[in-house]
Structure formats: structure tokens, C-alpha cells
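J.: Here's my sequence, what's the structure:
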Amino acid sequence: MLTDVKCKTATSQGKAIRKLADEGGLYLWVYAEGRKYWRMRYWLAGKEKSLSLGVYPEVGLKAARVKRDAERKRLDANLDPSAERKADKLKKKQAAANSFEAVAREWYAKQWHTWAPRHAADVKRRLEKNTFPFLGLRPIAEIEAPELLATVRKIEERGAHDLAHRMLAVCGQVFRYGIATGRCTRDISVDLRGALTPHRKAHQAAVRPEELPALLKAIAGYDLIGDKQTRLALELLALTFVRTGELIGAEWGEFDLESAIWAIPAARMKMKTEHVVPLAKQALQILAELQAIGGGSRFVFPGRNRDKPVSNNTMLFALYRLGYKGKMTGHGFRAVASNILNENGFRSDVIERQLAHCERDEVRGAYNRAEYLPERQQMMQAWADMLDAMGAGGKVVIGKFNKAA
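T.: Numbering: from 1, shown residues only. Purely as a prediction, here's the structure:
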């Protein structure tokens, strides 16, 4: 029989493994490098098997004997400890594969490539921060509505009401994916409708049409307080009224300057459909200036690192410096352009197509690339002429620039 002293002082005596017997099939395995493990030998159906009982000295002699006795009782009941452990490991493995985190990551892997890179990163980060710490290890089929509610309410308690609603919607998509892959039977997020604090999404600030001329004059003088590239970016944003992210990520390879066309790839568009922007003469002039100051970067608006574009906040902070904090955002150019173009009699379908407010239908999107293109080319040149007139005359002119009106 072993003693505490024997266990403590035992060595392998030059062997790769030395096995020291206690009683009842209990052994202390001593390895050449000094590691010591408890194992129990037993026979079942005439076949010798062994079972790990822990590491010495974390598991002492007394504790190892208690474990051995417990396993002996299982053998007396015709239960195979080794087989049961394998079954437990399999159950744990299956539980891990069916956990909320596992299902969510699998769903994410199926979706992320269809999203803009920034949105994909946001979804992953929000799942990892807001749901995995609380629901990640739970089998998705066992999660109940109150548990999900408690999780999203933690977000609400931070005052992030919009994010709470967004995360509830994301969780709903994960549960629906779980249903499709046989890991759960229902989407419990639908039970939480009305359970969160209502949140009204704030519209991004935009100047009124009559305030646009003053803004254009302010932008024209931005070189006095900022850099030329940012001023040109604001002017090109006003001319094209694309989304800010679409502008700052622009690469020269997307432009056909001879045809006066900018084709924004589907991967960079919110609706995942390639978007064509006809370029007015004024836009082409700005692009020529940008090429001259771009330093050979592939980006139209390179940052300090010429291999990356400027920050998303570059133009927003420029508008702040011009005194338009809370009054105007980069996105606001879309709203004001839509208002003025509609007032000038351009067809709403043409305006909506130029705003890239298009259907998510993939087949329709495939041939919508050039939809209304001649009218859009005429409208974009008229819009550029309008901006010139507003910047020079200080007021919005209605009904003068639409030749088709």
C-alpha cells in the first residue's frame, strides 16, 4: 500500500513510467519528467481497462481512494466508468455545438460576406460583448424568453435603447438559423415584442434647403481652417450625395473618368448592389485635383497611412469646425439633395435610383445598374449647376434647372 510519504518521494527510477500499486486497482503512475497521475485498473467482461482519477498532488492519496471506491460501486452496478465518461464527453461536445454561441458564430459565418465590412465587424463585436457572456454557453434549445429579455435589458440599462432593439433582432436571426439547422424549435425573440423600451430612431441632421447656400459658402472657405482634401471631399459628397462610407472608401479603379462614371462595387454598398454615379463636370474637376494631391494612393481620399482611407469622422468633424455640429452630417446631403431635386421636378423614381434606394431583389438588381441612366446623368449635371448657382447667388432656385420639367 502507498503512503503519503511514498507518493511524495516517488521517482520513476530511470523508467519512462513507473507504476506504484495501492489496493483495489489504484495505481500512481510516475513519469520520468516527474509528473504523477492516479489511475484505476479494472476488468469488465474479461477485458482489462484503466481510468484516470486525477493528478498528484492536486488529488492526494486519500482523495484518490475515495474516487476509486466510488468507481468500484459503479462497477458493482454493472456500469462501465470509462464508457460513461466517453458518453459524458460526447454529450458535452454536442452541447457545445448546440450552444447559443456556436449557433450564432455559424450563422455569422454564413452571413458576414454579404455585409459591408464595418457592419460585419459591428455585428460580431456586439454579439461577443452583449450576448455571449450571458447566453453563449447555454444550449440554444433551452433558452427561455425571460432569459433573453434579461440579456437585452442589460443593454437597455446602459441607456443604449437602439442597440438593445438591434441585438434582439440579431438574436432572432440566430434562433431562426437554429430552427433551420435543427438545434432549437422556435424563435423566442418574437415573445419579447413590446417588452423593451420603445426607441425612435433619430434622423441624421440635415440643413433645410434654404440653408444649403450658406453651407456651400462655408465649405468653399474650409481651406482657411482645414486641409484641401477634406474640403474637396465635402464638395464631392455634396455633388454625388452618396453615403459617407461609400465616398471615403472610394478607389481610383472604380472610376471611368472618360465616360464620367463612378461604379461603386456591390461589396461597398448598403444594399449589396453595384451603384452607378454619373459624374458632372464639376465632379470631374474635383477628381482631377484629388489625383494631383493623392500621392499615388489607390484611395481617392487616403489617410496619413496612404494604404488606408481617411477616417469615417473626417467630414463630420469638418462640419463641426464649420459650425454645423448638430445641424448637418455627411448623410444630410442625401436628404437635402432629395428635397431640392423633387422640388425641381425630377422624377421621384430617378431620384430614388440615384440615392441607391433599390430593391433587395438580386435578379432585378443585376440589370438595374444603368436604370434611368440618361435621366440620371442629366439630373446630376443639373444638380451640380444648381450647387454652383446656390454658392454664388446665396439662394435656392426652383424650377430653373430641370430641362425635362
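
J.: what number of residues lie near the residue lying closest to Glu156 once chain neighbours are set aside?
T.: In this structure, Glu156 finds its nearest non-sequential neighbour in Ala164, 4.6 Å apart by C-beta to C-beta, 6 or more residues apart in numbering. Backbone N, C-alpha and C define where each C-beta goes, glycine included. For Ala164, the count of nearby residues is 22 (other C-beta atoms under 10 Å).

J.: what helix or strand is Ala164 on?
T.: Using DSSP states H and E, Ala164 sits within helix 161-180.

J.: That helix: which residues count as buried?
T.: 161, 163-168, 170-178 (16 or more other C-beta atoms under 10 Å).

J.: With stretch 242-251 instead?
T.: By 16+ other C-beta under 10 Å, the buried positions in stretch 242-251 come out as Val242, Arg243, Thr244, Gly245, Glu246, Leu247, Ile248, Gly249, Ala250.

J.: contacting residues for the closest residue to Gly178 other than its chain neighbours?
T.: Nearest residue to Gly178 in three dimensions, chain neighbours excluded: Cys184, at 4.1 Å (C-beta to C-beta, 6+ apart). Counting by C-beta atoms under 8 Å, 6 or more residues apart in numbering, Cys184 touches Val103, Ile140, Ala141, Ile143, Phe175, Gly178.

J.: how about these in a markdown table, adding distance to Gln377 and pLDDT?
T.: A markdown table is the format used below for the contacts of Cys184 (distance: C-beta to C-beta, whole Å; pLDDT from 0 to 100):
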| residue | distance to Gln377 | pLDDT |
| --- | --- | --- |
| Val103 | 48 | 94 |
| Ile140 | 51 | 93 |
| Ala141 | 55 | 92 |
| Ile143 | 53 | 94 |
| Phe175 | 46 | 96 |
| Gly178 | 48 | 93 |
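
J.: so which of the residues you listed comes closest to Leu26?
T.: Among the contacts of Cys184, Ala141 lies closest to Leu26 (C-beta to C-beta), at 40.3 Å.

J.: How much space separates the residue nearest to the closest one when sequence neighbours are not counted from Asp349?
T.: Excluding the flanking residues, the one nearest Ala141 by C-beta to C-beta, 6+ apart is Cys184, at 4.2 Å. Per C-beta to C-beta, to the nearest Å, Cys184 is found 43 Å from Asp349.

J.: just to revisit the earlier point, from memory the residue nearest to Glu156 sits against Ala150, does it?
T.: No: contact criterion C-beta atoms under 8 Å: Ala164 and Ala150 do not qualify, at 11.7 Å.

J.: Would you confirm that Ala318 contacts Asp223?
T.: No: the criterion here is C-beta under 8 Å, and Ala318 misses it with Asp223 at 11.2 Å.

J.: Surely Lys395 forms part of a helix?
T.: No: per DSSP: H, G, I helix; E, B strand; the rest coil, Lys395 lies outside any helix segment and is coil.

J.: Let me see the contact set for it.
T.: Contacts for Lys395 were tallied using C-beta under 8 Å, 6+ apart; they are Glu210, Pro213.

J.: Give me the pLDDT value at it.
T.: Model confidence at Lys395, given as pLDDT, is 81.

J.: Next one: the spatially closest residue to His331 that is not a sequence neighbour relative to Phe333, how far apart?
T.: Of all residues not flanking His331 in the chain, Gln204 sits nearest, at 4.3 Å (C-beta to C-beta, 6+ apart). Going from Gln204 to Phe333 by C-beta to C-beta gives 10 Å.

J.: residues touching Ala250, list them.
T.: By C-beta under 8 Å, 6+ apart, the contact set of Ala250 is Trp262, Ile264, Phe299, Val300, Phe301, Pro309.

J.: which one of the residues you listed has the most neighbours?
T.: The residue in these with the most neighbours, by other C-beta under 10 Å, is Val300 (25 neighbours).

J.: so Ala116 makes contact with Arg268?
T.: Yes: the pair Ala116 / Arg268 is scored as a contact, 6.5 Å apart, by C-beta under 8 Å.

J.: which residues are common contacts for those two?
T.: Counting by C-beta under 8 Å, 6+ apart, the common neighbours of Ala116 and Arg268 are Gly245.

J.: Please enumerate the strands of the protein.
T.: Assigned by DSSP state E, the strands in the chain fall at 17-21, 26-31, 36-44, 47-56, 255-256, 261-264, 275-278.

J.: Could you pull out the buried residues of the fourth one?
T.: By neighbour count, with 16+ other C-beta under 10 Å as the criterion, the buried positions of strand 47-56 are Lys49, Leu51, Leu53, Tyr56.

J.: between the residues you listed, which is nearest Asn98?
T.: Set against Asn98, the nearest of these by C-beta to C-beta is Leu51 (27.8 Å).

J.: Please name the bridge partners of the closest one.
T.: Beta-bridge pairing of Leu51, defined through DSSP bridges, involves Met40.

J.: Now do it against Met271, distance only.
T.: From Leu51 across to Met271, the span is 59 Å (C-beta to C-beta).
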